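Q: Could you look at this predicted model? Sequence included:
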Number of protein chains: 2
Amino acid sequence: MKKLLLFATIGTIVLFSCQKPNQKIQNPKENLPIPDLAQFVNPMVGTKNMGHTYPGTTTPFGMVQLSPETNIEPYSIDGEYNGETYRYCSGYQYDDHTIFGFAHTHFSGVGHSDLGDFLVMPTTGDLILNPGEANKPGSGYHSQFSHETETAEPGYYKVHLEDYDIKAELTASDRVGFHQYSFPASEDAHIILDLVYNIYNYDEKNVWTFIRVENDSLVTGFRQTKGWARNRKVYFAMAFSKPFETYGHKKYDKLSYNGFYRRFEEEENFPEMAGRNIRAYFNFKTQKDEKIKIKFALSSVSTEGAIKNLRAEIPGWNFKQIKEETRQKWNRELAKVQVKTSTPEEKQTFYTAMYHSMLSPIIYEDVDGQYLGLDQNIHQSEGFTNYTIFSLWDTYRALHPLFNIFHPQKNNDMVKSMLAHQEQSVHHMLPIWSHYGNENWCMIGYHAVSVIADAVAKGNTDADLNKTLDACISTSNVGYFNGIDEFIRNGYVSEEKSAYSVSLTLEYAYNDWCIAQIAQKLGKTEVYNQYLKRSENFKNIYDKEIGFMRPKLRNGEWRKNFDPMDTHGQGFIEGNAWNYGLYVPHEIDTMIEMMGGKEKFAQSLDKIFTTEIAEKYIENNEDITRDGIIGNYVHGNEPGHHIPYLYNWTGQPWKTQERVRMIMKTMYSSKEDGLCGNDDAGQMSAWYIFSSLGFYPVLPGSDEYSIGSPMVKKANLYLDNGKTLVINTKNQSPENVYVEKVEINGKEIDGLTLKHSDIMNGGEIKFYMTNTPAK
Amino acid sequence: MKKLLLFATIGTIVLFSCQKPNQKIQNPKENLPIPDLAQFVNPMVGTKNMGHTYPGTTTPFGMVQLSPETNIEPYSIDGEYNGETYRYCSGYQYDDHTIFGFAHTHFSGVGHSDLGDFLVMPTTGDLILNPGEANKPGSGYHSQFSHETETAEPGYYKVHLEDYDIKAELTASDRVGFHQYSFPASEDAHIILDLVYNIYNYDEKNVWTFIRVENDSLVTGFRQTKGWARNRKVYFAMAFSKPFETYGHKKYDKLSYNGFYRRFEEEENFPEMAGRNIRAYFNFKTQKDEKIKIKFALSSVSTEGAIKNLRAEIPGWNFKQIKEETRQKWNRELAKVQVKTSTPEEKQTFYTAMYHSMLSPIIYEDVDGQYLGLDQNIHQSEGFTNYTIFSLWDTYRALHPLFNIFHPQKNNDMVKSMLAHQEQSVHHMLPIWSHYGNENWCMIGYHAVSVIADAVAKGNTDADLNKTLDACISTSNVGYFNGIDEFIRNGYVSEEKSAYSVSLTLEYAYNDWCIAQIAQKLGKTEVYNQYLKRSENFKNIYDKEIGFMRPKLRNGEWRKNFDPMDTHGQGFIEGNAWNYGLYVPHEIDTMIEMMGGKEKFAQSLDKIFTTEIAEKYIENNEDITRDGIIGNYVHGNEPGHHIPYLYNWTGQPWKTQERVRMIMKTMYSSKEDGLCGNDDAGQMSAWYIFSSLGFYPVLPGSDEYSIGSPMVKKANLYLDNGKTLVINTKNQSPENVYVEKVEINGKEIDGLTLKHSDIMNGGEIKFYMTNTPAK
């Protein structure tokens, strides 16, 4: 018990691990041992098929994600776009055999992409600046590699670059990537810095790039892109452990730069380089096994900022030390929940999910708190750490609720980051899908209000609530955004307005319920009533004749030729009327009543899980991965994530229990293909973590969780408030998926709901498991 | 006499006119009347042919140059480059009949170009976003105009836009352009903001542009270009006096932006616009004669900076007030020298030259002292005002020396701006030709050292001299710059190294003499000797066999097939062996001796002015304008600017006197075609001002001036030190060009030289003129 308490206090330390350096670490027991849970993390999970995770190194919520790239999309100068963008959202696919180098920024598990900044590749022999074609040995600077020499651990990645006999090792601090390359003896060793390389490199993604060779071992610069983010600029500072002997660059711009007087040989040993598409190189002579190390710092503010980050975070050259420190950072975060499972695989799957849940949002500010805001001006975070990468349509569901348990302070910072975004927004809107000071408008709804309402409901934000409510109200009234004007005026978004009109109406209704909750908290009855009324709008698009949510025309008639099985052009996005049509989390009982009552609704749920989807609904559909389908239930997409839990509202909770265990078992694993679809910035993993622990936040914005069926045998949650919650199971086994009863601190609960306080107050929750449905 | 003293004190006021607002204006007499000398300025001078001046509005050394554009170069989307870049360096040609709008940044009199930012054009009727073709009425949004309705004065420009019956008026404060458009009655009035328009718009000059409609009367954004400067970014804030009713934009990018989810109708009333090539428009309804005013602020730092500038400089909407204040700013500067001339034209020519001498360098910082530096980081000017646009190969000759008389404090700030540039330079070099945080490497030598040496010699800089010397030394030792390595190693730049090897060697030699002077001032004898030795290197390229400076091969042999008359490929740039070959300002006596003695040298000078240049040397030579040629003397280019004064060293000063008066008479006028070549950022005008006053700085970096023949009848110089110098002439007339004697405060001087102190101590310099050469 003493040991457990120690970890509980360690939990409070990590709260500050990504904070500004001047913030004091308060706990004197910091140096006490913590369990090495990093050993159970397999960063390779999700790198095969469409998990879209990356195997490289990063810190929890770190700004740098340093990871290998195994394919390179052709850019304009080489030919046509090769259509592989979606596969290479995170730069790496497990089945590949070539590595092009190591870039410093990656999304984790996202279904759209960007980033891939600053590819570094060590080579030997004749200088080759052409990257070559994937999986064609010798066609360019890339190298063959094998998984046998590859290691991927939290905070560490290693691989042998066979073509050059170079051992590549990577680690990172929050804002600095740390490379260590062990060279063979060579008169002709090179480090290539390829600024052409991009993820999501549509033709001419680069807007401009700039490199300054400050001295023989420090290089700075920036890259500006219009990939997904259309105004994205990242600065860097790159320090070498050994001075390079010579250097140079080649420019691959379609149009030459005409303004530069050729007073110099610009290409070699000229310390300024600028253009759209540049590859620079730095030449060395190396002894056998000589290590050349590179510290590569990022900043959204300036090269000065990058240098500041570099010096603050990694002043020395001790690779091993940073590697170990970063592993410890991971261990501290992972140790917040310590589980026993029936199988080692489940433990690996669980901790990998924990790992994946901490890869975004990422810190987005320099060590001094400066960052480039949405208004393209430099801002200073005051009283919070600024975060970016808000994939909110995905993450409001379970990831942010998970943060409210394990990372309440960070989630509070994320709320404040979103409020800063809103202040900087010319639309006066909270983020929809934003990264690096840009709004991408990806997916639908304004789910920032859900994240805020959830933090409010759980008492986890000290943001000014009046201002916060204003920000939410402002967001929900931007008429020109995606049919909001119609939603307000007519109570639904019309088929004419949007091809996703039903999804939009459902989500706006839910979002407005969230706003109502914040208003209620503030005692603003009028606002509460107004938004509660808006939240009822889901009723306007339910066609009771056919028993489905259905797209409606402006004139109030239903849209003709409606196919509830189809996911395209039927009023939904990433879902269909069968599954997405059940998205009324805030009024599930009303919905069930509306749809014919509990029995009929349960039958409908059954059908979802058992119907075979016709091939025509799957083929050519990027949104659905075959791995992620159970009948008409698509776990690889988010709109159905609450569906298995809906049985709880129909009087058939054992079906929730069955389904949840089945999904955990079949849709997740600890192998490379262990994700059945994009991890979606951690939402898929968060679903797994919650479900593993036996409950799920079906209604973010409330303080309730719906009970499922725990996968773990035992779990100790070491909460930041110093309390410990023990989740125990009795008779847990792969077969015993049914919950007989649940006790909180020895007292059996009535119903299928846990309160947030049941968790945060600590103590014990005990699940009695059985192999018989408790009908 | 009392009146004169008043102006002298007013002189001290204007010293601070471009300073930061928190600097105190010290003189209580500020509001006393100053003569309206602006009436003698004709901003149209130089707008016809190749003067490359602009007729629009600016303050002395102001950051905004708001001026009409009369041609638009085709950009990639419309077709081929039309070859008119050189003619349109400043956007306006007097012979044109169309105006495309009014842009906010222009070089004055430069032979290469850039800028042309943020074209604003008011129109009525159907919205047309295509600019159309110059001088083809109705082909686009441009308008016909006539010089009859056009007014160009210091601080004010007016024109009637005939196609739309709109009166356009422009004025400006230091950092803010102020537009006033008087519309006809219209249901369909527009203000177009064309971010595609560019000067020097090589295909795809724009790198990225961004517009934010902050509210119904404030728009912000930026443009980033890779024109001449390859990393140039200008932010803006645009405030309208009347809210627009609707707005929108069109994008003309060759490649669409793929990252943006089309959740909106982006083109109309959507407050964010981004892309390479954008034209935005703002729609109004107008009453007859209704004025719509626009305040358009610039910043190199941020849109926040632009807003700050806007609010600080023009808080209200009083166009007339700003117009008058700006005219007063000009009058204060112009009043520093008050001349009487033989003809009104001479007075106009003189004050127009004064005006043109204050159009660059320009202030380059926000009102709070922030600016984007050469290292692409934001800097704060500490203890000085930061300036940009350093066309140093031109301006070190007479413009900066002129500043040392009329604007010593500003010149000191310019020295400090150059030192800041050096600190930010990855090459550790002072500027060569720099603007907007970029180094363009245009033309040759490192003449910043001359500007510094001149300021030092004249006691006009309080910069740390040790640091300053270090900056000069560092600059002169950047081996990879344009043959410096060879110059140091071999004593000359070789023909193999550069096509301008002779020009390079001559200028480096002179520049090193300048560095020696600074070292001498500091008592650093070793450095002094070292640089004095380097300054002798001009001797290494003199071929005494043929009597000319001549390109030398690396092996020490003279280059074969040498044509001293040719300006191309003969070792010179913008000059030939006859004229440029005489560029040894620091050792004129030695050069004359080397070249055969005074008599022979004077004959050679005679030949320069009397030889007819064969057509083959002129045709297809952009560097030589026919207007600017007198025999083989090319006044339109700078390398010969000292040549007329060289007779003073041959014992034939009357020839200097003849030539100088002849050049002033034939190469300058008060009409549109009054400049015989590019004004070259004020150097041509500075030559005129000095020569008009009767002396010229043949050797910048020394404190001496060589006496010519004054054009003025009288000139009162009201110096910032509170003293007044009166230049008087006796028997002045167009025929009496010869100087009989010169008296300083009644005492006849011996020789042909004035000291800087003779000027700055005030008093009287009296020239006795005659029609007979004083042989």
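A: Arrived safely. Numbers count the residues shown, from 1 in each chain, chains lettered A, B, ... in the order given.

Q: got the phi/psi numbers for A:C514?
A: The phi/psi pair for A:C514 (degrees, to the nearest 10) reads phi -60, psi -50.

Q: what's it in contact with, if anything?
A: A:V449, A:S450, A:I452, A:A453, A:D454, A:C472, A:H586, A:P700, A:G701 (Cβ atoms under 8 Å, 6 or more residues apart in numbering or on different chains). Backbone N, C-alpha and C define where each C-beta goes, glycine included.

Q: okay, the residues you listed in TSV with secondary structure and pLDDT next?
A: Listed next are the contacts of A:C514 as TSV, based on DSSP: H, G, I helix; E, B strand; the rest coil; pLDDT from 0 to 100:
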residue	secondary structure	pLDDT
A:V449	helix	98
A:S450	helix	98
A:I452	helix	98
A:A453	helix	98
A:D454	helix	98
A:C472	helix	98
A:H586	helix	98
A:P700	strand	98
A:G701	coil	98
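
Q: any idea how far A:H407 is from A:A229?
A: Using Cβ to Cβ, to the nearest Å, we find A:H407 at a distance of 25 Å from A:A229.

Q: Of the two, give the one with the bigger neighbour count.
A: The neighbour count for A:H407 versus A:A229, taken as other Cβ atoms under 10 Å in any protein chain shown, is higher for A:H407 (24 against 21).

Q: what about the residue in the stretch 451-600 of chain A that chain B sits nearest to, neighbour count?
A: With Cβ to the nearest Cβ, the shortest gap between the stretch 451-600 of chain A and chain B falls at A:N482, namely 4.4 Å. Neighbourhood size, A:N482 [other Cβ under 10 Å]: 26.

Q: hang on, it packs against A:T505?
A: No - with contact defined as Cβ atoms under 8 Å, A:N482 does not reach A:T505; the gap is 10.9 Å.

Q: Give me the common contacts of these two.
A: With Cβ under 8 Å, 6+ apart, A:N482 and A:T505 have common neighbours A:V493.

Q: And the pLDDT for A:D165?
A: Looking at A:D165, its pLDDT reads 98.

Q: again with A:E204
A: According to the model, A:E204 scores 73 on pLDDT.

Q: just for the stretch 301-450 of chain A, where's the confidence low?
A: Of all residues in the stretch 301-450 of chain A, none has pLDDT under 70.

Q: so where do the strands sit in it?
A: Assigned by DSSP state E, counting those that start in this stretch, the stretch 301-450 of chain A shows strands spanning A:337-340, A:362-363, A:370-372, A:378-380, A:387-388, A:390-391, A:433-435, A:438-439.

Q: What of the stretch 451-600 of chain A?
A: A:542-543, A:548-549.

Q: which of those strands is buried the deepest?
A: Highest mean neighbour count among these (mean count of other Cβ atoms under 10 Å in any protein chain shown): strand A:548-549, with a mean of 26.

Q: elements contacting that one?
A: strand A:542-543 (3 or more Cβ pairs under 8 Å, 6 or more residues apart in numbering or on different chains; DSSP states H and E).

Q: Tell me which other helices or strands the strand it packs on touches.
A: strand A:548-549.

Q: pLDDT (mean, whole number) over the strand it packs on?
A: 98.

Q: Repeat that for stretch A:671-688.
A: Stretch A:671-688 carries an average pLDDT of 96.

Q: how long is that stretch end to end?
A: For stretch A:671-688, the separation between the terminal residues is 15 Å (Cα to Cα, to the nearest Å).

Q: Show me how far that stretch is from its chain's centre.
A: Counting by Cα atoms, centre = their mean, to the nearest Å, stretch A:671-688 is centred 10 Å from the centre of its parent chain.

Q: Buried residues, that stretch. List them.
A: A:671-688 (16 or more other Cβ atoms under 10 Å in any protein chain shown).

Q: so what strands line up beside the helix or strand harbouring A:S706?
A: Per DSSP states H and E, A:S706 falls inside strand A:704-707. With DSSP bridges as the test, strand A:704-707 is paired with strand A:695-696 (antiparallel), strand A:753-755 (antiparallel).

Q: With that, I have no additional questions.
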